[in-house]
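Novice: predicted model follows, preceded by the sequence.
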Amino acid sequence: WITPVQQRWASSLPMNTVILFVPQQEAWVVERMGRFHRILEPGLNFLIPILDRIRYVQSLKEIVIDVPEQSAVSLDNVTLQIDGVLYLRILDPFKASYGVEDPEYAVTQLAQTTMRSELGKLTLDKVFRERESLNSNIVHSINQASDEWGIRCLRYEIKDIHVPPRVKESMQMQVEAERKKRATVLESEGTREAAINVAEGRKQAQILASEGEKAEQINKAAGEAQAVLAKAEAKAKAIRMLSDALAEQNGNAAASLSVAEQYVSAFSNLAKSSNTILLPSNTGDISGMVSQVCVCVCVFKSSLQKTDGSVVSVMNATFPCFILVLQTFLFQKIYMKYNTVYLFLQLLCFKKLF
């Protein structure tokens, strides 16, 4: 009795011609008087006529089997149409020949049942995200059962996953919403980055402006300090020169002449414009003014020392001061009426000084 599978292979089984040549990557299973005898390896082989018979021819190459499309329900109750492709290889020709009736059919059915079982453990989203993990689990489950058949499953690949139209539309809407969300997030992040960059730029500009103002103020202060120092040095130099001039002969007379010139110049300027001047409270009291002059003379007497220790005549020091006080009085009282007397006293003062 020959099974349908054996009948399918019987048309392609080689005849026993005593001398046989087995092709590479093939294994011929030989029976002797109806029992398994041996497996012919590639190359030259000899068989006994009538007693020996080639019963199975197994290919040792990698075999590709299409797994038909089937329905499967995911963990979230979504019906899927899924198919795949299976890659396997026969490792033991004896087990593949006597362990299972039809190895290809058996492995295909095992792949389908395993795929339905694994899909029932995952939700729809995970089915699309974890296809590689799903393929690996299917291969592992097939190999656990196919070891007894002498067949090794090398890999399994899911070809297509078809979802119902309504589910597909909802998935498309979800994808569009996710894309809009990402676009909004990216736009907000761009706006935030732009605002941060603008604020950072303003901050840097303010820092640079403040540093520039600080440097300007420092330079201005340094310039003013140098100007003050220069003025002080010039003033100190002028004082030293004046002191040296006063220490020389006739230095006091020269100083008196300079004071008189400045005095006359000041009054002449006052006469040109309407200015407010401050004079002694009792300008009519000549005796009081003379007493003030005497006090000034005492001060001059203590300060005007010659290099040899002698004192300048008190008259030489008091007379110009008296003349200046008298000039003030005359300028207020009788300048307009007695201009000639004023000029005479002025010439007398200059003559006394020299």
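Specialist: Nice, thanks for sending it over.
Novice: so where do the helices sit in the chain?
Specialist: 4-10, 93-98, 103-119, 124-129, 131-146, 165-247, 251-272, 286-303, 314-333, 339-353 (DSSP state H).
Novice: let me see the domain layout of this structure.
Specialist: Domain assignment for the chain by automatic domain parsing gives 4-59, 64-87+101-163, 250-353.
Novice: and these, which one's lowest on average pLDDT?
Specialist: Mean pLDDT values for these show the minimum at domain 250-353, a mean of 50.
Novice: the nearest residue to Leu88 once chain neighbours are set aside: how many residues sit nearby?
Specialist: Distances taken as CB to CB, 6 or more residues apart in numbering put Cys153 closest to Leu88, at 4.9 Å, once the chain neighbours are dropped. (Glycine included, C-beta is placed from N, CA and C.) Cys153 has 23 neighbours, counted by other CB atoms under 10 Å.
Novice: one more: Glu193?
Specialist: 10.
Novice: and if you look at Lys235?
Specialist: Lys235 sits with 10 neighbouring residues when counted by other CB under 10 Å.
Novice: swap in Phe128?
Specialist: Phe128 has 13 nearby residues by other CB under 10 Å.
Novice: what sits against the residue nearest to it when sequence neighbours are not counted?
Specialist: Take Phe128 and drop its neighbours on the chain: the residue closest to it by CB to CB, 6+ apart is Ile161, 7.1 Å away. Contacts for Ile161 (CB atoms under 8 Å, 6 or more residues apart in numbering) come out as 80-82, 127-128.
Novice: farthest-apart pair in these, please.
Specialist: Spanning the widest gap among those are Gln81 and Phe128, at 14.1 Å by CB to CB.
Novice: quick one: the nearest residue to Ser74 once chain neighbours are set aside from Met33, how far?
Specialist: Once flanking residues are discounted, Ser74 sits nearest to Leu124: 5.0 Å by CB to CB, 6+ apart. Applying CB to CB, to the nearest Å, the value for Leu124 to Met33 is 58 Å.
Novice: tell me which of those two has more neighbours.
Specialist: Leu124 (18 against 9).
Novice: residues contacting the more buried one?
Specialist: Counting by CB under 8 Å, 6+ apart, Leu124 touches 74, 76, 78, 80, 163, 167.
Novice: buried ones among the residues you listed?
Specialist: 74, 78, 80, 163 (16 or more other CB atoms under 10 Å).
Novice: next, the second one: phi, psi?
Specialist: The main-chain torsion angles of Val78 are listed as degrees, to the nearest 10 and equal phi -110, psi 120.
Novice: and for the first one?
Specialist: Comment: the main-chain dihedrals of Ser74 come out as phi -80, psi 180, following degrees, to the nearest 10.
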